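Undergrad: Just a sequence and a predicted model for now, questions to come.
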Amino acid sequence: MEAELEVLAGAAGDGSVVVLATASAPEGEAVFQRWNAQGLAHYERMGLRAVALPVRTREDAQLAATADQVRRASMVFFSGGNPAYLRQTLVGTALLTAIGDLLRQGGVFGGCSAGAMVAGAISPGAPRGRFPSGQGLGLLPKEVFGVHWDAPLMRPWRRLMAARTPAGCRFLGIAEKTALSGSSRGWRVHGRGQVEVRHLGAAHAYRGGEAIPGLDEEDSTAP
């Protein structure tokens, strides 16, 4: 909540948040609607106007009315679910073009779990494994995001995910109950957990309230 309020304070747009539960669509209508309801309730508690758009398929993502609503908003938020499905549904669509327009005009992208993973870099290869790295939408083309980084289910995958980070990119593993605000020019950590950053053969952990250097700054201090 703190991270969202921070980034929305200076965001362009009409002040609204568009909630998209697209990543959860393969799990059925009940799960899809539950993610929508959770998102709307969350932003209502924050005193923000939010709308959940019914984007389940590529056909939905091509609708001009949906793209126009995203362009008018201040933030678009993607729920958890299946990151590979979310990426495949959005690539090359009017909705993804609208998200790019939103960001260029000063709006905000937000996401949790699958919704966070797809913000990062695009790998030249095909998705591999249950938790593929570098299979984002390229909104942040030099960052790769891992999620649930402190959860027991991730322990067997952590080394593999970081190792699959595309060349020239930086990996950020985000713990549960933890959020990032900012961009590749620099991040701030919010919440209870840590963010593990792996880049140029080194690994560093950052806690809530700490700043993660931007990529340019980090590269300039590398040996």
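TA: That came in fine, so what should we check first?

Undergrad: name the helices or strands packed onto the helix or strand harbouring residue 65?
TA: In this structure, residue 65 sits in helix 64-72 according to DSSP states H and E. With contacts taken as 3 or more CB pairs under 8 Å, 6 or more residues apart in numbering; DSSP states H and E, helix 64-72 sits against helix 94-104. (C-beta placed from N, C-alpha, C; glycine too.)

Undergrad: List the residues that contact the residue minimising distance to the centre of the chain.
TA: Central residue of the chain (CA atoms, centre = their mean): residue 116, 2.3 Å from the mean position. Neighbour list for residue 116: 78, 145, 147, 174 [criterion: CB atoms under 8 Å, 6 or more residues apart in numbering].

Undergrad: So which of those residues wins on neighbours?
TA: Within the contacts of residue 116, residue 78 tops the neighbour count with 31 neighbours, counted by other CB atoms under 10 Å.

Undergrad: just to revisit the earlier point, give me the element the residue nearest to the centre of the chain is part of.
TA: helix 114-117.

Undergrad: Following the chain onward from that helix, which element is next?
TA: Counting by DSSP H and E, what follows helix 114-117 is strand 143-146.

Undergrad: just the CA coordinates of the following helix or strand past that following strand, formatted as CSV?
TA: Once strand 143-146 ends, the next helix or strand along the chain (criterion: DSSP H and E) is helix 158-163. Extracted C-alpha coordinates of helix 158-163, given in CSV (Å, rounded to 0.1, in the frame of the first residue of the first chain):
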residue,chain,number,x,y,z
ARG,A,158,16.1,-19.9,-6.8
ARG,A,159,19.5,-20.8,-8.2
LEU,A,160,18.1,-21.9,-11.5
MET,A,161,15.9,-18.8,-12.0
ALA,A,162,18.8,-16.4,-11.3
ALA,A,163,21.1,-18.4,-13.6
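
Undergrad: tell me the domain ranges of this protein?
TA: For the chain, automatic domain parsing gives the domain ranges 1-118, 120-223.

Undergrad: Give me whichever of these is most buried.
TA: domain 1-118 (a mean of 18; mean count of other CB atoms under 10 Å).

Undergrad: and that domain, what's its mean pLDDT?
TA: Across domain 1-118, pLDDT averages out at 96.

Undergrad: Next up, identify which helix or strand residue 3 is on.
TA: Using DSSP H and E, residue 3 sits in helix 2-8.

Undergrad: Run me through the strand neighbours of the helix or strand just after that helix, direction for each.
TA: Per DSSP H and E, helix 2-8 leads on to strand 17-20 as the next helix or strand towards the C-terminus. Strands that pair with strand 17-20, judged by DSSP bridges, come out as strand 50-52 (parallel), strand 75-78 (parallel).
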